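> based on what follows, work out the 3D shape:
(one chain, ligands or ions: 2)
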Amino acid sequence: MAKKLARLCQPCTACCDGWVKMKIGSADVYPSHPCPHSTGKGCADYANRPSDPCDHFNCAWIIKDSPLPDWMKPSNAKAILMLNKREWQGFPVDVAVPVGKRIPPRTLKWLQTFAEKNSRLLIYTEQIGEKGQFEKQQTVIAYGTEQFQLDVQRSQQAGMNLWQ
Ligand code: SF4
Ligand code: SF4
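Ligands and ions are numbered 1, 2, ... in the order given. This is a model prediction of the structure:
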């Protein structure tokens, strides 16, 4: 049986390019505002990158024993999935963010099927605004039971922070 090779990020740099909200030093990183150390091909200050979030970032494609197929690499699937980002009534909630304006249909279908088959819940986002000028806030969409959707809607109105 062929040994499965560990996955490598390159040429993906999606998490450094602003598609995930984070703070690097004093810089706010969010869509249209990449990390100031991102060259678009990698990190210009890799030796000094902060351990949190850079080393601890929970990209579901790169983690050991990832359930994601190869084609779901964020640079290809145009979405980043983070497993177990939240919890709702004892069920794990995964969060997916687009690499671009919105998650493409094929990728979204895979994410929804994965949630259904594994009794998981999904929250995904869409950018507000146009390329190069996306807003800091995103539209949040819940995929799961009606009660889950209502709760997410209420939480969002109350200022839910997806990144905690
Ligand atoms: S999004 Fe995932 S695969 Fe892409 S650079 Fe970040 S950790 Fe690596
Ligand atoms: S410091 Fe480097 S590894 Fe961390 S987000 Fe910025 S470019 Fe990516």
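> name the nearest residue to G100, sequence neighbours excluded.
Counting by Cβ to Cβ, 6 or more residues apart in numbering, G100 lies nearest to K78, which is 5.2 Å off, once chain neighbours are set aside. Placement of C-beta: from N, CA and C, glycine included.
> what about that neighbour, how many neighbours?
Burial of K78 is recorded as 20 neighbouring residues (other Cβ atoms under 10 Å).
> and it, how far from L8?
Taking Cβ to Cβ, to the nearest Å as the measure, K78 falls 19 Å from L8.
> circling back: isn't the residue nearest to G100 up against K101?
No. Counting by Cβ atoms under 8 Å, K78 sits too far from K101 to count as a contact (9.3 Å).
> can you tell me which residues contact the spatially most central residue of the chain?
Compute the mean C-alpha point of the chain, and by Cα atoms, centre = their mean the closest residue is I80, 3.5 Å away. With contact set as Cβ atoms under 8 Å, 6 or more residues apart in numbering, I80 has these partners: A14, C15, W19, V20, C59, A60, W61, P74, A96, V97, V99.
> from these, which is closest to ligand 2?
Comparing those against ligand 2 with Cβ to the nearest ligand atom places C15 closest, at 6.6 Å.
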